[in-house]
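Engineer: got a predicted structure plus its sequence, pasted below:
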Amino acid sequence: MKFDSLKVEGVRNLSIPSPLKFSPRINLICGPNGSGKTSIIESLYVLSLAKSFRSRSLQSVIQKDQDSMLLHALLTDNQRLGFMYTNEGERKIRFQGETIRSSADIAQMLPVQLLDHRMFEILEDGPAARRQLLDWGVFHVEPQFLPEWRAYSHALKQRNALLRKPPVNLKSLVLWERPLLQHAVNVQDMRARYVERLKPIFNETLGVFVPSIAKNIHLELASGWRKNESYQRVIEDQRDVDLKQGYTHSGPHRADIKITLQGAPAEQVLSRGQQKMLVSALKLAQAVLYKNTHGRPSIFLLDDLPAELDLEHRTALCRWLESLECQAFITSIDASAVQSLWHVDTEVAVFHVEHGQLTQGGSSP
């Protein structure tokens, strides 16, 4: 599914009262700094995932003089998607006139990948960022992942609640450990299958972007508990420690993707530019795996592409996006820095943004 058009009200400095038609392939959004370019792809991101990549709270996305924000998109086959969020925290998602309660239903239809100036933080930050990246892929490839993860999270919450309320009823604790163990193993198995399918695609993609390191990069899933031991054994061994500190130390909620170069953490030995290309290759590999599984492409949001990648790597990235036949939204201060990178038969629409106003500036071919 792709975005056909977008209408925006009450988002930051944007004003798009009348929807403009997007290209099903490449959309270049150009304008000076502060004009509202990033807010456009942020709006698409919010529509897809019901959250922002720029702010933790959606209230901060709402224009200062407005009580709410409204986003409306026309999708493939004239399907309509709407999103509303108020300063009071009220949220409404509507698809084809029906209220959607779970944002996961929309995320499943709109597999959005983001590349921006913070993408290297996936390597430098803690495991949570890498776990989120991993689970994006597992969610889209393994149909049972979300219900299994929710069931595990519920059992984990109940166990932690018991651990924090002394005196602990050991029978109740063991009772909640049974579903915890069952769903933990299922989540781990799905993650492991996904990583094994992803590895060869990632190595191929990285070989195009950074061939000098591709053969020596190693991708490994850390389950979140001691290696080569059953989760049941770990839970039993750590029960006393968990009781003392009031939470569950080990499990899928502590999982990580370890990315190393000749045994050393990649973030410690790679340059900032190499880190950006590695993360780009990883997300493109996920898009390839998604397309191999479902027969349809992902959607890419790329913020300020010329500032993040040099010409050689920009060109390589554009070639991959073309080969995936995906829809992409790319922001840039200068249209010429991106517009000439596509094959002549790739449909490219150019939009200009100034003072929050979006206008269409042409298309090719």
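Structural biologist: Good, I have the coordinates.
Engineer: only C-alpha atoms from now on, for both contacts and neighbour counts.
Structural biologist: OK.
Engineer: my read: residue 356 touches residue 38, true?
Structural biologist: No - counting by CA atoms under 8 Å, residue 356 stays clear of residue 38, with 10.4 Å between them.
Engineer: where does the protein dip in pLDDT?
Structural biologist: Across the chain, the ranges flagged by pLDDT under 70 are 362-365.
Engineer: and the residue positioned nearest the centre of it, helix, strand or coil?
Structural biologist: In the chain, the residue lying closest to the centroid (CA atoms, centre = their mean) is residue 113, at 5.1 Å. Three-state call for residue 113 (DSSP: H, G, I helix; E, B strand; the rest coil): strand.
Engineer: list the contacts of it.
Structural biologist: Applying CA atoms under 8 Å, 6 or more residues apart in numbering to residue 113 gives the contacts 283, 298, 299, 300, 301.
Engineer: list just the nearest of those residues to residue 265.
Structural biologist: Using CA to CA, residue 283 comes nearest to residue 265 of the contacts of residue 113, at 18.8 Å.
Engineer: okay, now the closest one: neighbour count?
Structural biologist: For residue 283, the neighbour count with other CA atoms under 10 Å is 22.
Engineer: got it, and residue 90?
Structural biologist: 9.
Engineer: beta partners for the residue lying closest to it once chain neighbours are set aside?
Structural biologist: Using CA to CA, 6 or more residues apart in numbering and skipping the chain neighbours, the partner closest in space to residue 90 is residue 84 (7.9 Å). Counting by DSSP bridges, residue 84 forms beta bridges with residue 70, residue 92.
Engineer: you'd agree residue 84 is up against residue 92?
Structural biologist: Yes - contact criterion CA under 8 Å: residue 84 and residue 92 qualify, at 5.1 Å.
Engineer: which of these two has more residues huddled nearby?
Structural biologist: For residue 84 versus residue 92, the count of surrounding residues by other CA under 10 Å is larger for residue 84: 19 against 16.
Engineer: what sits against that one?
Structural biologist: Applying CA under 8 Å, 6+ apart to residue 84 gives the contacts 68, 69, 70, 71, 90, 91, 92, 93.
Engineer: so how do I select the buried members of the residues you listed in PyMOL?
Structural biologist: Selection of buried members from those for PyMOL, criterion 16 or more other CA atoms under 10 Å:
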select buried, resi 68+69+70+71+92+93
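Engineer: looking at the contacts of residue 84, which is nearest residue 47?
Structural biologist: Of all those, residue 71 has the smallest distance to residue 47: 7.0 Å, by CA to CA.
Engineer: how about the contacts made by the closest one?
Structural biologist: By CA under 8 Å, 6+ apart, residue 71 lies in contact with 6, 7, 8, 9, 43, 47, 82, 83, 84.
Engineer: among those, which are located in helices?
Structural biologist: Judged by DSSP state H, these include 43, 47 as members of helices.
Engineer: which one of the contacts of residue 71 sits closest to residue 107?
Structural biologist: Within these, proximity to residue 107 (CA to CA) peaks at residue 47, which comes in at 8.7 Å.
Engineer: burial of the closest one, as a residue count?
Structural biologist: Using other CA under 10 Å, residue 47 has 25 neighbouring residues.
Engineer: likewise the one 10 residues further on?
Structural biologist: Burial of residue 57, expressed as a neighbour count using other CA under 10 Å, amounts to 12.
Engineer: residue contacts, it?
Structural biologist: With CA under 8 Å, 6+ apart, residue 57 has these contacts: residue 51.
Engineer: next, give phi and psi for it.
Structural biologist: Main-chain dihedrals, residue 57, degrees, to the nearest 10: phi -110, psi 140.
Engineer: how near is it to residue 86?
Structural biologist: Going from residue 57 to residue 86 by CA to CA, to the nearest Å gives 11 Å.
Engineer: how about the helices of the stretch 201-350 of the chain, start to end?
Structural biologist: Assigned by DSSP state H, counting those that start in this stretch, the helices in the stretch 201-350 of the chain fall at 211-214, 231-237, 239-245, 266-269, 272-294, 305-308, 311-324, 336-339.
Engineer: just the stretch 51-200 of the chain next, same as before
Structural biologist: Counting by DSSP H, counting those that start in this stretch, one finds helices in the stretch 51-200 of the chain at the ranges 103-109, 121-124, 127-141, 145-163, 170-209.
Engineer: sorry, back to before: kindly reformat the contacts of residue 84 as CSV and extend each row with distance to residue 328.
Structural biologist: Below are the contacts of residue 84 laid out as CSV (distance: CA to CA, whole Å):
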residue, distance to residue 328
68, 27
69, 24
70, 22
71, 19
90, 30
91, 27
92, 26
93, 23
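Engineer: for residue 327, state which of the contacts of residue 84 is nearest.
Structural biologist: residue 71 (19.1 Å).
Engineer: ok, that closest one to residue 214 distance?
Structural biologist: From residue 71 across to residue 214, the span is 41 Å (CA to CA).
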